[in-house]
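Peer 1: Sequence and computational prediction follow.
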Amino acid sequence: VQLVESGGGLVQAGGSLRLSCAASGRTLSTYNNYAMGWFRQAPEKEREFVAAISWSGVTTYYSDSVKGRFTISRDNAVNTVYLQMNSLKPEDTAVYFCAADGGNILLVRRGEADYWGQGTQVTVSS
């Protein structure tokens, strides 16, 4: 499975960005369903969980730092997960990574997903 993120960029504090992550690959067709999520890593910091979503979209998880500002969603028809980021803060600056796993959403939430994208840079200026 290949994951390709897009939508990153430079935005002023208080602004919005929408990240996308498209999944592809022959392995993808072997999964009846798969959970997806977003993580981020700021310079000199460890990677941290941002949000996760189940195959159906019914179950979602968010980190406390983004709850109420970010929204994760997905469109299974095009194998894509989105992260709508509103009210951005300078501390949201990081490389954002997409993750996917054919198992339980909790695996994604714990950072144990099988598949990861290369990341997209998000920079929020003050």
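Peer 2: Sure thing, it's come through.

Peer 1: now the residue of the chain most remote from its centre: how far from Thr93?
Peer 2: Centroid-distance maximum for the chain: Ser126 at 23.1 Å, with Cα atoms, centre = their mean. Ser126 is 10 Å from Thr93, where distance means Cβ to Cβ, to the nearest Å. C-betas here are computed from N, CA, C, even on glycine.

Peer 1: Could you list the buried residues of stretch 38-53?
Peer 2: With burial defined by 16 or more other Cβ atoms under 10 Å, the residues of stretch 38-53 counted as buried are Trp38, Phe39, Arg40, Arg47, Phe49, Val50, Ala51, Ala52, Ile53.

Peer 1: actually stretch 107-116, sorry about that
Peer 2: Quick answer for stretch 107-116 (16+ other Cβ under 10 Å): Leu107, Val108, Arg109, Gly111, Ala113, Tyr115, Trp116.

Peer 1: Closest one of the residues you listed to Val1?
Peer 2: Tyr115 (4.4 Å; Cβ to Cβ).

Peer 1: And the most centrally placed residue in the chain, which helix or strand is it part of?
Peer 2: Residue closest to the mean C-alpha point of the chain, counted by Cα atoms, centre = their mean, is Trp38 at 2.2 Å. According to DSSP states H and E, Trp38 maps onto strand 35-41.
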